[in-house]
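Colleague: Got a sequence here, can you build the structure:
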Amino acid sequence: MVGRRRLWSVCILVTTIFIFIASQVLLLSYYKMREAATIRNPYTDMNEVDNTGPMTSNTNKNFMQHFLSSYPDVDEDSIQLFLHLKSLQYGERRKLVNNYCSQSNNSFGVTITNQTFVIDSADKVSYCMIPKVASSTWSTHFAHLGNATDLQLHGYRNALQSLVFRLFPAPPMDEIIPAVDKTTSLVIVRHPMSRMASVYQQKFVDLAKTAWVRICKYIVKYYRKLSHKSSKLFDPEVPSPEEVTRYIISTFATRRSVNVHWKKQHDSCPFCATNFTIYAKSEEMSEDSLFFILKSNITANRLNITTRINPSKNNEYNFWSEVPVPVIRQFVQVYLLDFLIFGYSARDYLDNLNISYDADIITV
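Modeller: So this is what the prediction gives:
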């Protein structure tokens, strides 16, 4: 009888200890879940976020920054809010573009060639490529979607754009827009002055003595004498920022063939022939890339959106501080529609670089 009582007491003690340990484990799990939920969604009250207002509001900016830094450790409500806010932003950009399309002649924003779009019908995504606007990066992304081999990627490392058009041949001309309209379509634009500085660094500095040597010598020969600084200050084989800017302006004035790397962005994609799903900006590439993979349901193992090919290494201040304000004014006039259609400001850009200008000269 005594042995049974002892056995019963031991059983009760073991059960009590087990219940205590289990309760502590459950309690710890509960607090961890609460902590994780707080990390994933700091905006548990969605009323804190203006889901009808512009992305420029501080609350929405704060949400976006936290979402990007936390992803993929975010909850479904945050994902849906992110997609909603970005869709509103793209809607505003689409409206601005369409307003100009409705006022333009029939030739604006409708030109299409067999190398205008990269169309991946299997994944239901497409991309209109504008040179010097993350085009190498997104060509690489689509090359991966097209299952390009390492050998292909290496062989086309300096011509990735050509590779993706081989991987995704265009359909017949009259089928291109209908095919694009069935996809999550992407177009990316960039501040015209930032793009110009990037063109200068990559083409007129890095390649000045190799692939672009002839055009660089031509610019130095004919535009150095117009420079506001002594020619002794410059490399005899590398054109200065002012000289290149003057030359590019002249290519539009003389109606000579305009190189695709400085072709106007609104002329580079058929903005008036289709409504893109994503109107991305290179300045917001992290947000727009994430929207692309979430909207298209492409898994992260197929598309690494953190990859950047040929990231810009130019110093934009060093470039534009060497260009006289009257020449900047001419540049803005040439690219005026790119500023207006895509919501960019030359004044804000120069202010951010701490470059002084006359407000009566630079009006945009």
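Colleague: CA only for contacts and neighbour counts going forward, please
Modeller: Fine.
Colleague: now the strands for the stretch 151-300 of the chain?
Modeller: Counting by DSSP state E, counting those that start in this stretch, one finds strands in the stretch 151-300 of the chain at the ranges 184-189, 278-281.
Colleague: who's in contact with stretch 150-162?
Modeller: 135-136, 139-140, 143, 163 (C-alpha atoms under 8 Å, 6 or more residues apart in numbering).
Colleague: May I have the distance across that stretch, first residue to last?
Modeller: End-to-end distance for stretch 150-162, by C-alpha to C-alpha, to the nearest Å: 15 Å.
Colleague: What of stretch 340-352?
Modeller: 19 Å.
Colleague: ok, K225 to E243 distance?
Modeller: K225 is 9 Å from E243, by C-alpha to C-alpha.
Colleague: and L340, how far is that from D351?
Modeller: Distance from L340 to D351, by C-alpha to C-alpha: 18 Å.
Colleague: now swap in D174 and tell me
Modeller: Taken as C-alpha to C-alpha, the span from D174 to D351 is 45 Å.
Colleague: More neighbours: which of these two?
Modeller: Neighbour tally, D174 and D351, criterion other C-alpha atoms under 10 Å: the higher count belongs to D351, 12 against 9.
Colleague: Tell me the secondary structure at the more buried one.
Modeller: The assignment at D351 comes out as helix when based on DSSP: H, G, I helix; E, B strand; the rest coil.
Colleague: Next: S102.
Modeller: With three-state DSSP as the basis, S102 sits in helix.
Colleague: Tell me, how many residues neighbour it?
Modeller: Using other C-alpha under 10 Å: S102 sits among 11 other residues.
Colleague: which ones are touching I341?
Modeller: Here I341 is in contact with 96-97, 100, 266 (C-alpha under 8 Å, 6+ apart).
Colleague: go again using 10 Å as the cut-off
Modeller: By C-alpha atoms under 10 Å, 6 or more residues apart in numbering, the contact set of I341 is 93-101, 265-266.
Colleague: which of these tops the neighbour count?
Modeller: Q265 (28 neighbours).
Colleague: Surely it touches Y335?
Modeller: Yes: if you go by C-alpha atoms under 10 Å, Q265 and Y335 touch, sitting 8.7 Å apart.
Colleague: Mind listing the shared neighbours of the two?
Modeller: The contact lists of Q265 and Y335 share P192, where a contact means C-alpha under 10 Å, 6+ apart.
Colleague: any idea how far the closest residue to A300 other than its chain neighbours is from Q65?
Modeller: In space, A300 comes closest to I293 once its chain neighbours are excluded; the distance is 7.7 Å by C-alpha to C-alpha, 6 or more residues apart in numbering. Per C-alpha to C-alpha, I293 is found 18 Å from Q65.
Colleague: between the two, who's got more neighbours?
Modeller: Per other C-alpha under 10 Å, whichever of I293 and Q65 has more neighbours is I293, with 18 against 11.
Colleague: need the contact list for that one.
Modeller: Neighbouring residues of I293 by C-alpha under 10 Å, 6+ apart: 125, 184, 299-300, 302-305.
Colleague: Between which two of the residues you listed is the distance greatest?
Modeller: Distance extremes for the contacts of I293: the farthest pair is T184 and N304 at 17.5 Å, using C-alpha to C-alpha.
Colleague: In terms of packing, which of the two has more residues around it?
Modeller: Neighbour comparison, T184 and N304: the larger count goes to T184, with 20 against 15 (by other C-alpha under 10 Å).
Colleague: Give the bridge partners for the more buried one, please.
Modeller: Judged by DSSP bridges, the bridge partners of T184 are V125.
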